[in-house]
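J.: This is the structure alone, sequence omitted:
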Ligand SMILES: C[S@@+](CC[C@H](N)C(=O)[O-])C[C@H]1O[C@@H](n2cnc3c(N)ncnc32)[C@H](O)[C@@H]1O
Ligand code: SF4
């Protein structure tokens, strides 16, 4: 939904913890193992010091905004322990007004959690835990370089629930080379057994520059297959929906009311401040990002400087492109009157092809069908290219312009 005139969009804080015990072969996030970092400014305590400084800087800069959601992500936030995670929340509370019901999530890796850890972060004000499970199959975890056993993620989710967390997400990765349909069925069952109220599941992406990319290039592993990924998506979706977890974003399912409000803020054009090395922020159409290396980021804050590494003012066209890309992936879809005329015609064609819901379309909304979800990227591209084709008098000039020049 568009924000009404004068009503500010929801405001959230993202906090990036750039530490991992080991690097998973598929991951290209801004994260470092202990041996890759040297010097105090990159230690967990140095990081916490700098994070406190940036939280204070954020409060001075954004002024009177109420924090509705906080998401501490990584990297591996659980690696810095419950006391430091609680100190992050204490800093947010001392610098900002925080909503009475503020969703406060931390990502955690199964192997660096325990019942004491969960009790500690619950005390520290966290309301939601997101655990990286990835798969219930040992041989799939091995391909992904995960260091935990299949059972540890389920046990960690149960420990979080026993500690008092009602809100627990498990992350899955599907279509990993070597995974079978049965492996994914077992992963879905394990997630449901663990009592998760939310699941995020992404097909394995082979990111440039990762160890996985090198293994695929050398022919040691086959590249993930798009058709297999589509079948696995359908399998997982059917399993989760049968258990009452509805899809609310193409790659996210939850029990009713357990949607991640922080991520919805990103997808619905909300405002957020990203604290931490390499973190991205967005306020009223301006986007900026911090310098990437933890030591440089902490050094700038210690010197009283902004840790910003770059920024861009999004043009109206870029904001439109981003809105279509993100909102169309939501189950609520987007109002047809937010599309330009050429994209509205393309939406009509997509509805005729069975990619958009006919009832929603008749009621003025573009909402993906089950088949449309499998082809979500194509639907988005068709809508955006229709706009470009219109601007170029009928000649499409290539792929849509993505924000940030991606
Ligand atoms: C950056 S991780 C942070 C959480 C935590 N460190 C962990 O690994 O569980 C967030 C999630 O992104 C997903 N992810 C990261 N890289 C991916 C890739 N190349 N393909 C698919 N999913 C990926 C994984 O499911 C992971 O749990
Ligand atoms: S997937 Fe998670 S644990 Fe693995 S390297 Fe990336 S951030 Fe670290």
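T.: Nice, thanks for sending it over. Everything numeric in this text was worked out from a predicted model, so none of it was measured. Ligands and ions are numbered 1, 2, ... in the order given.
J.: Could you give the bridge partners of the residue of the stretch 151-300 of the chain found nearest ligand 1?
T.: Distances between the stretch 151-300 of the chain and ligand 1 by Cβ to the nearest ligand atom are smallest at residue 171, namely 3.4 Å. Yep, even glycine has a C-beta here, placed from its N, CA and C like the rest. Under the criterion DSSP bridges, residue 171 forms beta bridges with residue 132, residue 200.
J.: Pull the contacting residues for it.
T.: Neighbouring residues of residue 171 by Cβ atoms under 8 Å, 6 or more residues apart in numbering: 130-134, 199-202.
J.: What is the nearest of these to residue 145?
T.: Using Cβ to Cβ, residue 134 comes nearest to residue 145 of the contacts of residue 171, at 10.2 Å.
J.: what pLDDT does the closest one get?
T.: Note for residue 134: predicted pLDDT of 97.
J.: from memory it sits against residue 143, does it?
T.: No: counting by Cβ atoms under 8 Å, residue 134 does not reach residue 143; the two are 10.0 Å apart.
J.: More neighbours: which of those two?
T.: Set residue 134 next to residue 143 and count neighbours by other Cβ atoms under 10 Å: residue 134 wins out with 26 against 20.
J.: next one: phi and psi at that one?
T.: Phi and psi for residue 134, reported as degrees, to the nearest 10, are phi 70, psi -50.
J.: Not counting its neighbours along the chain, what's nearest it?
T.: residue 173 (4.7 Å; Cβ to Cβ, 6 or more residues apart in numbering).
J.: if I've got this straight, that neighbour is in a helix?
T.: No: the assignment for residue 173, made by DSSP: H, G, I helix; E, B strand; the rest coil, is strand rather than a helix.
J.: what stretches of the stretch 251-400 of the chain score poorly on pLDDT?
T.: Within the stretch 251-400 of the chain, the stretches with pLDDT under 70 are 387-400.
J.: and whatever residue of it ends up closest to ligand 2, what does it touch?
T.: Across the stretch 251-400 of the chain, no residue is closer to ligand 2 than residue 278, which sits at 12.3 Å (Cβ to the nearest ligand atom). By Cβ under 8 Å, 6+ apart, the contact set of residue 278 is 16, 18, 30, 289-292, 297, 309.
J.: List only buried entries from these.
T.: Among the contacts of residue 278, those buried by neighbour count (16 or more other Cβ atoms under 10 Å) are 16, 18, 30, 289-291, 297, 309.
J.: Great, nothing more from me.
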